[in-house]
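1. Quick one, what's the 3D model for this:
(2 chains)
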2 protein chains.
Amino acid sequence: MSRQRASAFVPGHVTAFFSAHPAERPAAAGSRGAGVTLTDGVTVRVSAAGGAGEPDALDESGSRTVNGEAGTIGAVEDVLAELGTADVDVAVETELPIGAGFGVSGAAALGAALAANDALDRGRFENDLVRIAHEAEVGRGTGLGDVVAQARGGVPLRLEPGAPAVGELDGIPATGRVEYVTFGELSTEEVLGGDTASLSAAGEDALDRLRADPRLPTMMDAARAFAREADLLVPEVAEAIAAVEESTAEADGDSGGHGAAMAMLGRTVFALGTGLSDAGYDPERCRIDAAGARLVER
Amino acid sequence: MSRQRASAFVPGHVTAFFSAHPAERPAAAGSRGAGVTLTDGVTVRVSAAGGAGEPDALDESGSRTVNGEAGTIGAVEDVLAELGTADVDVAVETELPIGAGFGVSGAAALGAALAANDALDRGRFENDLVRIAHEAEVGRGTGLGDVVAQARGGVPLRLEPGAPAVGELDGIPATGRVEYVTFGELSTEEVLGGDTASLSAAGEDALDRLRADPRLPTMMDAARAFAREADLLVPEVAEAIAAVEESTAEADGDSGGHGAAMAMLGRTVFALGTGLSDAGYDPERCRIDAAGARLVER
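-> Here you go, the predicted structure:
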């Protein structure tokens, strides 16, 4: 029985640090690292067009919008093709900036997988849908670890790279506010397409530190060290990190956070607690998302 | 830095069917099967008493309440002992009936693990806390698969038994209403302590059916067949299942559900959608819980 319409919400994900692990098989490719999933995220609405789900309609794409304007996302198209649902109408909506380190493309791919599976009653397991979205994202070169983290929610640690049943996840138990400020885009494809050896060495160091002490202050410390060592820090973000540090030292108090760090890969700074507000920025505010990707009522 | 207080929410879990897999090592023991996690659940509040967290205070238990009255839960005590936090005060609150198939003891154990770890800054990974709660529940004989399901949320499938990194989980992507009616208690310890061979054979059959077709109607069908084959069906529940079936057939419509089934192990009937209301019962109403166990604001 096909429901014909379905919606999914997928949290945004800021990566604190990572190491890149390419592989022949997209399900085995991925990243190790840590990050934070956000209650700001991506909603994907899928509805069946006239002949939706019919095998002979597969060549015809349905309508595609991103925030109300016509637009396609490569990984979303690959997911729909894999599920044999290219003919559905898909609307992607997000309050997150695109290309700024929030994993919007991965979220859109995973949301499309969940919503299309439900709308056209494809009968896939959740892990299978996560794998399909992960493979699409890896195939397009737009991300390596966002999809599995977004499927999980919370503060995910990617201990082994890859899709469900290949990779391995854990998490730091945490709740609380997240603040972020974005200064612009940074090309994930460009960084991941370049030489990632020294970046990955820095990411492995950071993960070792966090494995030895799975606490948020350690994650934020490790994230700052990673950004410096991997030479990814952009000036506006460095300035904001310094401002948060200075304001915390002055206040000599507990902002509920542990300084700020750069979102990989974007010109974005994020803080747990009220660090960016306290430092005089006017950040977006959301929370750690406990649930991870999920179907939602239409 | 110790926060001194923390709260966690853990969803209730009704098991649709299961097979029992005892093992020497508690982390390897568990069950295969499927179930539904509920937005009705258990909240556990932990606060440090005077000398909380000090090694020399470990022998003294803090206060313990269940729904406001003095009371202890064995698995909770084992979790606190394992974390070295027996001296904290613990308040367990739930709207769920106890001993009626909702996994309240497992939820209390997992909630205590999350909250005690946070309140006293024990710095454990999430998987580690789930393992500790799972081992406590298994050790007490009060459950086999609730804890790992409750940690995950949604509609969890336990494909392989055991704690994280030993067992294997997947899920059926779903959202929606859940209704339930409880007619009384059923002793989990008694059923699990008896001969579980034919029960487990029925549970494996049910899981095979669901693996071949991971859809909610199939899960509910398989659950009904399991209750019959395992000879666990109690008269009040059988009557309610029949009433829902009859009312659905009469309405010839879609109640958003797929009949009703028995919650394992309790004198409880549950339905997805509005099946029990439609059949004239006055059920408790909640929803599928998307998030699984999580820290919450105090």
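2. which helices and strands sit right next to the helix or strand harbouring A:Leu80?
-> In the assignment (DSSP states H and E), A:Leu80 maps to helix A:74-82. Judged by 3 or more C-beta pairs under 8 Å, 6 or more residues apart in numbering or on different chains; DSSP states H and E, helix A:74-82 is in contact with strand A:89-94, helix A:104-119, helix A:126-140. To be clear about C-beta, it is placed using only N, CA and C from the backbone, and glycine gets the same treatment.
3. ok, which residues in chain A are in contact with chain B?
-> Residues of chain A lying close to chain B (C-beta under 8 Å from any C-beta of the partner chain) are A:1, A:114, A:117-118, A:121, A:123-127, A:129, A:153-154, A:157, A:164-165, A:168, A:170-175, A:213-215, A:254, A:290-292, A:294-297.
4. which stretches of the stretch 151-298 of chain A form strands?
-> For the stretch 151-298 of chain A, the strands defined by DSSP state E, counting those that start in this stretch cover A:156-160, A:168-171, A:177-184, A:260-262, A:267-272, A:284-287, A:294-296.
5. how about low-confidence regions in the stretch 1-150 of chain A?
-> The model of the stretch 1-150 of chain A has pLDDT under 70 over residues A:1-3, A:50-59.
6. Between the strands of the stretch 151-298 of chain A, which one is closest to B:Ala29.
-> Closest approach to B:Ala29 among the strands of the stretch 151-298 of chain A (C-beta to C-beta): strand A:168-171, 21.1 Å.
7. Give me the buried positions along the closest one.
-> Neighbour-count burial for strand A:168-171 flags A:Glu168, A:Leu169, A:Asp170, A:Gly171 (criterion: 16 or more other C-beta atoms under 10 Å in any protein chain shown).
8. ok, the second one - contacts?
-> Shown in contact with A:Leu169 (C-beta atoms under 8 Å, 6 or more residues apart in numbering or on different chains): A:Val148, A:Ala149, A:Arg152, A:Pro156, A:Leu157, A:Arg158, A:Leu159.
9. Repeat that for the first one.
-> Residues in contact with A:Glu168, defined by C-beta under 8 Å, 6+ apart, are A:Arg158, A:Leu159, A:Glu160, B:Ala165.
10. Name the nearest residue to A:Lys78, sequence neighbours excluded.
-> No, residue A:78 isn't Lys; it's Asp. A:Ala136 (3.8 Å; C-beta to C-beta, 6 or more residues apart in numbering or on different chains).
11. and what of A:Pro26?
-> A:Glu135 (4.0 Å).
12. I'd assumed A:Ala27 was in contact with that neighbour.
-> Yes: using C-beta atoms under 8 Å, A:Glu135 is in contact with A:Ala27, at 5.8 Å.
13. mind checking how far the residue of chain A found nearest chain B is from A:Pro214?
-> Among the residues of chain A, A:Ala291 lies closest to chain B, at 3.5 Å counting by C-beta to the nearest C-beta. Plainly put, A:Ala291 is 21 Å away from A:Pro214 if you go by C-beta to C-beta, to the nearest Å.
14. more crowded one of those two?
-> It is A:Pro214, of A:Ala291 and A:Pro214, that has more neighbours when counted by other C-beta atoms under 10 Å in any protein chain shown, with 23 against 19.
15. export the contacts of A:Glu168 to CSV and tack on neighbour count and pLDDT?
-> Below are those laid out as CSV (neighbours: other C-beta atoms under 10 Å in any protein chain shown; pLDDT from 0 to 100):
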residue, neighbour count, pLDDT
A:Arg158, 27, 97
A:Leu159, 17, 97
A:Glu160, 12, 97
B:Ala165, 14, 90
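16. Run a quick neighbour tally on the spatially closest residue to A:Pro156 that is not a sequence neighbour.
-> Spatial nearest neighbour of A:Pro156, chain neighbours left out: A:Ala149 (4.1 Å); criterion: C-beta to C-beta, 6+ apart. A:Ala149: 30 surrounding residues under other C-beta under 10 Å.
17. Name the SS class of A:Ala149, please.
-> Secondary structure state of A:Ala149, per DSSP: H, G, I helix; E, B strand; the rest coil, is helix.
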